[in-house]
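A.B. asks: Could you work out the structure for the sequence below:
(one chain, ligands or ions: 2)
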Amino acid sequence: MRMILVGPPGAGKGTQAAKLVDTFKIPHISSGDMLRAAVKEGTALGIQADTFMKAGQLVPDDVVIGMILERIAKPDCAHGFMLDGFPRTRPQAEALDESMHKAGVALEAVVLIEVPDAPIVERITGRVSDPDTGTIYHLKFNPPPADVAGRVVQRKDDTVEAVTTRLAKYHSETAPIVPFYESKGILKRVDGIGNPADVTKRITTALGK
Ligand code: AP5
Ligand code: MG
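C.D. replies: Residues are numbered from 1 along each chain as shown. Ligands and ions are numbered 1, 2, ... in the order given. Below is the predicted model of the structure:
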């Protein structure tokens with residue numbers, strides 16, 4: 001299965017990917033996680049990405065496209081992958097399309113997790129994660145267990161200010177990729193409101209599993 005998870009910041013892409021990879025047995029490739037790892041390691045790519053990310057701006061297309069196309073060419077992606085956070089602009093979607101076409105493979109599904117703007121700020125500002133395992137929690141909706149609570153961390157771009165910019169960027173840059181995939185007949189719209197386990201069921205049903 002070659003698929004993409006799309007949705008606004010805080011839609012639950014990371015939360016759902018963690019549940020879905022077991023069902024589909026494919027690697028979860030999050031552009032945001034890859035960029036955050038590069039920032040932490042202080043690589044040239046990370047240094048370039050850091051300022052954009054902190055401000056909630058998109059990292060330039062050429063940087064992200066190269067990073068992801070290189071990643072999905074690795075052997076563990078030979079039978080599929082679950083992209084999360086990429087593509088995020090029309091040029092990124094077109095570059096992915098061209099690269100997959102050249103490789104003789106096709107995208108099977110693009111899952112759009114729909115969440116209106118109103119609950120996003122609360123989801124984002126309450127998010128914490130376990131630095132040891134990467135598990136995502138929410139201080140109110142999904143609190144970390146007692147043995148993890150002492151070490152959780154918050155993302156630098158999870159401020160009210162940065163999330164406002166991220167949401168605006170989602171609407172202006174990322175939402176336009178939806179009709180691109182709709183016209184290919186592979187778009188699946190899923191309601192992202194409700195219990196995360198119910199959202200997972202909606203996604204697996206939409207994917208025919
Ligand atoms: P990225 O890491 O991709 O961030 P994002 O798209 O803003 O999405 P998030 O990771 O914030 O949200 P999510 O949908 O994964 O939600 P989660 O499951 O964590 O990108 C970060 C930055 O990197 C970008 O701003 C940009 O600078 C750069 N970047 C990345 N990719 C790029 C690209 N392709 N091009 C250019 N730049 C790029 O859930 C959020 C919270 O809600 C959690 O606390 C969770 O517990 C909770 N939650 C989840 N589901 C539910 C539910 N059903 N009900 C209640 N709470 C829930
Ligand atoms: Mg995420």
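
A.B. asks: Nearest to ligand 1 within this structure, name that residue for me.
C.D. replies: Proximity of the chain to ligand 1 (CB to the nearest ligand atom) peaks at residue 32, 1.9 Å away. The way it works is simple: take the backbone N, C-alpha and C, and place the C-beta from them, glycine included.

A.B. asks: tell me which element that residue is part of?
C.D. replies: Assigned by DSSP states H and E, residue 32 belongs to helix 31-41.

A.B. asks: That helix - contacts with which helices or strands?
C.D. replies: helix 44-55, helix 61-72, strand 81-84 (3 or more CB pairs under 8 Å, 6 or more residues apart in numbering; DSSP states H and E).

A.B. asks: Could you check the angle the top helix by length along the chain makes with helix 31-41?
C.D. replies: Secondary structure of the chain per DSSP state H: the longest helix is helix 90-103. Interaxial angle of helix 90-103 relative to helix 31-41 (axes from the mean of the first three to the mean of the last three CA atoms, to 10 degrees): 100 degrees.

A.B. asks: For stretch 138-158, C-alpha coordinates in CSV please.
C.D. replies: Coordinates of the C-alpha atoms in stretch 138-158 are reproduced here as CSV (Å, rounded to 0.1, in the frame of the first residue of the first chain):
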residue,chain,number,x,y,z
HIS,A,138,-2.4,15.2,24.9
LEU,A,139,-2.4,16.7,28.4
LYS,A,140,-6.2,16.6,28.5
PHE,A,141,-7.4,14.1,25.9
ASN,A,142,-4.8,11.4,26.2
PRO,A,143,-2.6,12.1,29.3
PRO,A,144,0.8,10.3,29.5
PRO,A,145,1.1,7.5,32.1
ALA,A,146,2.7,8.4,35.4
ASP,A,147,6.1,6.8,34.5
VAL,A,148,6.3,8.9,31.3
ALA,A,149,4.8,12.2,32.5
GLY,A,150,8.1,13.4,34.0
ARG,A,151,10.0,13.3,30.7
VAL,A,152,7.5,14.5,28.1
VAL,A,153,8.5,17.3,25.8
GLN,A,154,6.6,20.0,23.8
ARG,A,155,7.4,20.9,20.2
LYS,A,156,8.9,24.4,19.6
ASP,A,157,6.2,25.2,17.0
ASP,A,158,3.3,24.3,19.3
